[in-house]
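Student: just to be clear, the model below is a prediction. Sequence and coordinates:
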Number of protein chains: 2
Amino acid sequence: MTPESKIQQEIRQKKPFASAFQEAGIALLRTSDQLQRRLSAAVEPHGITVQQFNVLRILRGAHPEAVPTLEIATRMIEQAPGITRLLDRLEAKKLIQRVRCRKDRRRVLCTISDAGLALLGELDQPMLATLRDCFDSLPEAKTRQLIQLLDNLREGLYRKCPPLNPPTQEENHS
Amino acid sequence: MTPESKIQQEIRQKKPFASAFQEAGIALLRTSDQLQRRLSAAVEPHGITVQQFNVLRILRGAHPEAVPTLEIATRMIEQAPGITRLLDRLEAKKLIQRVRCRKDRRRVLCTISDAGLALLGELDQPMLATLRDCFDSLPEAKTRQLIQLLDNLREGLYRKCPPLNPPTQEENHS
DNA sequence: CATCAATACTTGACAGATCAATTATTTACT
DNA sequence: AGTAAATAATTGATCTGTCAAGTATTGATG
């Protein structure tokens, strides 16, 4: 009658997992999904998604420098093949501005607007608090362990098929 | 010049993370996204998504018993508020069948079809292999550690806001 | 046994993701 | 200089996700 496995209970799976990596995969996907939803709940009342929030943070990190579209894509936490339209939506909401780069007219440089900065200002505390809340059952030592294990895992993933983060090239100027 | 933090490099973030939980949150979302993409790549050639695969596995687990729609929803790895349409798509592909329950005509009972079972038969090995590949940089002991940490984390998440997995009620019969 | 609440979905409307072209511009080569 | 290849982004088509509101059916109560 021992629980055997937490996720097995959670998803009401009858048969136990044959191997640890199967259980770990499921646990990873599920835990991440739950975290994602809590973060969404924190930003959605303000009319943006977690991905959009992520873009705004990237742009604030560079502010007052601008960042070209595909640079943003490589800095995203989750891959975003639809980066153009993601930026379209942020621009429509006046949270960012875009201008074509003069030196390289293929590029489009993105900058966070004052409204964008203001929105981030409102969201910083709630987001931090939400994340802290999510992790407060995990002591710091364990949190660091988790980071290590996830890093280790990603390293393995990248060996077979690297993500789209090529080393950044030269700086840009409008 | 020490790397300081892996994800910090990966997403080219300038400032180091203020707290471990921030880094862990990002690492979790990113790792899960990468895993998700690899699993997608394995099932998409066969015309289904990871979520659809998940539904088929749930139905195979119950086969030849049928499972009502919302029961499926509670057993999903990732929450799926759009379960009806997810099932619509599977039904359109003839991978499942749906019939209204006679005892409780509000319910719709879902069963995996022979075509669905056949598809799963084709996908079982590739999916297992993909997952094994993803985890082969992580020794089993570490994998088990990861499971524990994720379980620990989810438990904390659920204390504040439980997922939609209420304890299953009585059995169903067509 | 009539009514009210709860349950189990379903539907509509719309935002977001993904892939495969396509366009514009720049770089590399002859 | 002139052309090919590479780069940066955009667009169209199509699918999936999400929320709120709606329908049908059942259970619970007076």
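Tutor: Alright, I've got the coordinates.

Student: near chain B at all, stretch A:12-23?
Tutor: Yes: where contact is defined by C-beta under 8 Å from any C-beta of the partner chain, part of stretch A:12-23 touches chain B, namely A:12, A:13, A:14, A:15, A:19, A:20, A:21, A:22, A:23. Heads up, the C-betas are built off the backbone N, CA and C, glycines and all.

Student: state the distance from the closest residue to the first one other than its chain neighbours to residue A:8.
Tutor: Ranked by C-beta to C-beta, 6 or more residues apart in numbering or on different chains and with sequence neighbours excluded, the top spatial neighbour of residue A:12 is residue B:75, at 5.1 Å. Residue B:75 is 11 Å from residue A:8, where distance means C-beta to C-beta, to the nearest Å.

Student: which ones are touching the residue nearest the centre of chain A?
Tutor: Among the residues of chain A, the smallest C-alpha distance to the mean C-alpha position (C-alpha atoms, centre = their mean) belongs to residue A:77, namely 3.3 Å. By C-beta atoms under 8 Å, 6 or more residues apart in numbering or on different chains, residue A:77 lies in contact with A:54, B:11, B:26, B:29, B:30, B:33.

Student: list the contacts of residue A:143.
Tutor: Residue A:143 makes contact with A:135, B:20, B:21, B:24 under the criterion C-beta under 8 Å, 6+ apart.

Student: where's it, which helix or strand?
Tutor: In this structure, residue A:143 is located in helix A:140-160 according to DSSP states H and E.

Student: the worst-scoring helix or strand of chain A on mean pLDDT and chain B in contact?
Tutor: Of all the helices and strands that make up chain A, the one with the lowest confidence by mean pLDDT, DSSP states H and E is helix A:6-10; it has a mean of 89. Yes: residues of helix A:6-10 contacting chain B under C-beta under 8 Å from any C-beta: A:6, A:7, A:10.

Student: now do the following helix or strand past that helix: distance to the chain's middle.
Tutor: Heading C-terminal from helix A:6-10, the first helix or strand you meet, by DSSP H and E, is helix A:20-43. The chain centre lies 13 Å from the centre of helix A:20-43; the measure is C-alpha atoms, centre = their mean, to the nearest Å.

Student: list the buried ones in helix A:20-43?
Tutor: Under the neighbour-count criterion of 16 or more other C-beta atoms under 10 Å in any protein chain shown, helix A:20-43 has A:20-39, A:42-43 buried.

Student: what do you get for stretch A:133-149?
Tutor: Buried residues in stretch A:133-149, defined by neighbour count with 16+ other C-beta under 10 Å: A:133, A:134, A:135, A:137, A:138, A:142, A:143, A:145, A:146, A:147, A:148, A:149.

Student: and if you look at stretch A:106-121?
Tutor: If you call a residue buried by 16+ other C-beta under 10 Å, then stretch A:106-121 has these buried ones: A:107, A:108, A:109, A:110, A:111, A:112, A:113, A:116, A:119, A:120.

Student: the second one is in contact with residue A:97, isn't it?
Tutor: No: between residue A:108 and residue A:97 there is no contact, the gap being 10.4 Å when judged by C-beta atoms under 8 Å.

Student: for burial, what's the neighbour tally of residue A:53?
Tutor: Neighbours of residue A:53 under the rule other C-beta atoms under 10 Å in any protein chain shown: 21.

Student: for chain A, give the residue positioned nearest to DNA strand C.
Tutor: Of all residues in chain A, residue A:82 sits closest to DNA strand C, with a separation of 2.5 Å (C-beta to the nearest atom of the strand).

Student: quick check: phi and psi at that residue.
Tutor: Here the main-chain torsion angles of residue A:82 (degrees, to the nearest 10) amount to phi -90, psi 40.

Student: how about stretch A:105-116, does it reach chain B?
Tutor: No: among the residues of stretch A:105-116, none lie within reach of chain B under C-beta under 8 Å from any C-beta; the closest is 15.0 Å away.
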